[in-house]
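>>> The sequence and its predicted three-dimensional model are supplied below.
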Amino acid sequence: MRAMRALVLPLARAIDWLPLAATVPLVLAGAWLTPGEFAVAVVRLAGALLAAAAAFTLVDDMAVTTAATPVPRWARQWARTLPAAGVAAAAWAAAWRLAGMPGGLTASAGEAVAALLLALAGAGWAVRLWEGRAVALAGAAPVLAAGAGTWAPTGPGWWWAAVPLLLVTAAAHTDPARSRGRGRTPAAHGTSIHV
């Protein structure tokens, strides 16, 4: 129990939870207050908003220093990804319930999962290459480009995208220095040492 607390507390403080903390109450309030005829649109928009907010958890302000730790990059990034995905999924399911969605959960959830993985893949690749909090907006860009939460058709067809997007996200979480065969980290691209 003590070891788990020693691992979880620093990680919880290292992750930028503010975008998700701001988005979750808005999504839940919107789902609760919206009339039933708009439930589908609200739940789809909730999936897109939660996905974009979850992408901010992948930004590591300490990437320059954590690159020297014995913990591999993929483990650090998945330690950020999984809690964020869990929070986003729980908030989306609550919004689905509050909105009184017609039909089954499976078809609607497929679109939400695809939006979340799309945002995490976009942000995952961006944080490999650049630093700064604004880089996480690369997670929102593919979600908007794909039309998740807006005009794209809903239904079980979204589930086909889950496996490829999960593989793209996993590839984004690998160490770019090792995949290129060099000894540099992505943060080292924009930094230089002046003596």
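Arrived safely, thanks for sending. This structure is a prediction, so every number in the text was calculated from the model and none was measured.
>>> remind me which residues of this protein are low pLDDT?
Scanning the chain for pLDDT under 70 picks out 1-12, 61-69, 102-104, 107, 147-157, 177-195.
>>> mind listing the helices for it?
2-14, 18-33, 39-54, 63-66, 73-98, 105-129, 137-146, 162-172, 176-180 (DSSP state H).
>>> List of residues touching stretch 83-102?
Applying C-beta atoms under 8 Å, 6 or more residues apart in numbering, the set of residues contacting stretch 83-102 from outside is 11-12, 15, 20, 23-24, 27-28, 30-32, 34, 36, 39-40, 42-43, 46-47, 50-51, 53-54, 57-58, 105, 108-109, 112-113, 116, 120. Yep, even glycine has a C-beta here, placed from its N, CA and C like the rest.
>>> So which bits of that stretch are buried?
83-85, 87-89, 91-92, 94-96, 98-99, 101 (16 or more other C-beta atoms under 10 Å).
>>> what's the burial count for Val168?
Val168 is flanked by 17 other residues according to other C-beta atoms under 10 Å.
>>> State the distance from it to Trp96.
26 Å (C-beta to C-beta, to the nearest Å).
>>> same thing with Leu167?
26 Å.
>>> ok, the residue lying closest to Leu49 once chain neighbours are set aside - contacts?
Using C-beta to C-beta, 6 or more residues apart in numbering and skipping the chain neighbours, the partner closest in space to Leu49 is Thr23 (5.4 Å). By C-beta under 8 Å, 6+ apart, the contact set of Thr23 is Leu49, Leu50, Ala52, Ala53, Ala91.
>>> Now render those residues as a markdown table, adding distance to Pro70.
Formatted as a markdown table, the contacts of Thr23 follow (distance: C-beta to C-beta, whole Å):
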| residue | distance to Pro70 |
| --- | --- |
| Leu49 | 37 |
| Leu50 | 33 |
| Ala52 | 33 |
| Ala53 | 31 |
| Ala91 | 34 |
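>>> For these, which two are the farthest from each other?
Farthest pair in the contacts of Thr23 (C-beta to C-beta) is Ala52 and Ala91. Separation: 12.7 Å.
>>> so Trp17 touches Thr57, yeah?
Yes - checked against C-beta atoms under 8 Å, the pair Trp17 and Thr57 is within contact range at 7.1 Å.
>>> more neighbours, these two?
Thr57 (28 against 16).
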